[in-house]
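Colleague: Sequence first, predicted coordinates after that:
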Amino acid sequence: MTLEELKTIVIVGAGTMGTGIAQMSAMAGYNTILYDIADASIDKALASIGKNIDGGIKRNKIKAEDKEPILARIQRSTDSYDLKGDFIIEAILENAEIKVDLFKKLASFNRPDTIFASNTSSIPITEIAAKVPNPGRVVGMHFFNPAHIMKLVEVISGAATEPAVAQLTLDLAIKMGKKAVMAKDSPGFIVNRVARHFYVESLKTLEEQVADFETIDALMENNGFRMGPFKLMDLIGIDTNFAVTKSMYQSFFNEAKFRPSRIQQQKVDAGHLGKKSGKGFYDYSES
């Protein structure tokens, strides 16, 4: 398959990441199917996309007359058997078993050359692809949050990924306006392997009561970071961030430097997941 032959992109998962990816797909001119098991999640995603586009219009990044055509390219679905396309991107839970089960189901009614891309931020692509029919078409396509703004996309080749599939994925990311880089298959790939300690060490500092989370955020921001680690965890979702840390900890055979935090575990158990739940390290109930 060539980039010119690619017509329909399917996004599985209408959460924060799936929403941004669907927007980029539609803005790049592709027929886009946005799937989620809950209608309410799709409603929220489409409202968010409309708001994002309005913001782009105000900043002269998007033409006002392009808004309706972009939205018209997005088809909503809660029926998994609608998920037939040329290129499928999953943006679901950071759980290898769930991702594998999804791709195995999709393989049963999609073409053998339909590309399966995972937006995983830490799970090795080789691990996912090994249990999926035609593993050569499985590739990593890791966007960063918020996906409609952040430029970077990591394209990850597993042991079986065909070079042509990786190249097409790279070309697609570039067409979406991204700065794409090729990465080899390793837990956390490039960015999360390096950045994991931005969160882990900040949480250790909090656990040891060296400083409170507001102070840690302020110090990091005053040293040049656009957002402190606790604000960023709230934006990403504390549950998502915690799942990535656990995945990397397991992938590195429980190496101490990747140990998950008890504080994060407690936040997840309490349902304090960040902005999406109205409360995380910070309170968003009135925002």
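Modeller: Looks like it came in fine. Numbering: from 1, shown residues only.

Colleague: Give me the residues contacting stretch 192-206.
Modeller: Residues outside stretch 192-206 that contact it (Cβ atoms under 8 Å, 6 or more residues apart in numbering): 121-122, 186-188, 211-213, 216, 220, 228-230, 232-233, 241, 244-245, 248, 257-259, 261, 263-264. Glycine gets a C-beta too; all of them are placed from N, C-alpha and C.

Colleague: could you measure residue 5 against residue 109, distance?
Modeller: The gap separating residue 5 from residue 109 is 20 Å, by Cβ to Cβ, to the nearest Å.

Colleague: cool, residue 20 as well?
Modeller: Counting by Cβ to Cβ, the gap from residue 20 to residue 109 is 27 Å.

Colleague: Of the two, give the one with the bigger neighbour count.
Modeller: Neighbours of residue 20 and residue 109, each counted by other Cβ atoms under 10 Å, are more numerous for residue 20; the result is 24 against 11.

Colleague: From what I see, that one and residue 144 are in contact.
Modeller: No. Under the criterion of Cβ atoms under 8 Å, residue 20 makes no contact with residue 144, lying 9.2 Å away.

Colleague: helix/strand/coil for residue 177?
Modeller: Using DSSP: H, G, I helix; E, B strand; the rest coil, the three-state assignment for residue 177 comes out as coil.

Colleague: For it, which residues are in contact?
Modeller: Residue 177 is in contact with 24, 27, 28, 151, counting by Cβ under 8 Å, 6+ apart.

Colleague: mind checking which helix or strand of the protein has the lowest mean pLDDT?
Modeller: Each helix and strand of the chain was given a mean pLDDT (mean pLDDT, DSSP states H and E); the minimum falls on helix 238-251 at a mean of 92.

Colleague: what residue ranges in the stretch 151-287 of the chain score low on pLDDT?
Modeller: Within the stretch 151-287 of the chain, the stretches falling below the threshold (pLDDT under 70) are 287.

Colleague: Helices along that one, start to end?
Modeller: Residue ranges of the helices in the stretch 151-287 of the chain, as given by DSSP state H, counting those that start in this stretch, are 163-175, 191-207, 213-222, 229-236, 238-251, 262-270.

Colleague: out of these, nearest to residue 73?
Modeller: helix 163-175 (14.1 Å; Cβ to Cβ).

Colleague: Identify, by residue count, the longest helix of the chain.
Modeller: Across the chain, the longest stretch assigned as helix under DSSP state H is helix 39-58.

Colleague: quick one: buried residues of that one?
Modeller: Neighbour-count burial for helix 39-58, counted by 16 or more other Cβ atoms under 10 Å, picks out 41, 42, 44, 45, 46, 48, 49, 52, 53, 56.

Colleague: Rebuild those as TSV, extending it with distance to residue 177 and pLDDT.
Modeller: Output for those, formatted as TSV (distance: Cβ to Cβ, whole Å; pLDDT from 0 to 100):
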residue	distance to residue 177	pLDDT
41	25	95
42	24	97
44	24	95
45	20	96
46	20	97
48	18	95
49	15	97
52	13	96
53	14	96
56	11	95
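
Colleague: and those, which two are the farthest apart?
Modeller: Spatially, the most separated pair among the buried residues of helix 39-58 is 41 and 56, at 22.4 Å (Cβ to Cβ).

Colleague: Surely residue 129 and residue 140 touch.
Modeller: No. In terms of Cβ under 8 Å, residue 129 does not count as a neighbour of residue 140; the distance is 9.5 Å.

Colleague: hang on, the earlier thing: show me what the longest helix of the chain is packed against.
Modeller: Identification of packing neighbours for helix 39-58 by 3 or more Cβ pairs under 8 Å, 6 or more residues apart in numbering; DSSP states H and E yields helix 16-27, strand 31-35, helix 67-72, strand 74-77.

Colleague: What mean pLDDT does the first one get?
Modeller: In this model, helix 16-27 has an average pLDDT of 96.

Colleague: Who are the packing partners of it?
Modeller: Taking 3+ Cβ pairs under 8 Å, 6+ apart as the contact definition, the neighbouring helices and strands of helix 16-27 are strand 8-12, strand 31-35, helix 39-58, helix 67-72, strand 87-90, strand 138-143.

Colleague: Done for today, thanks.
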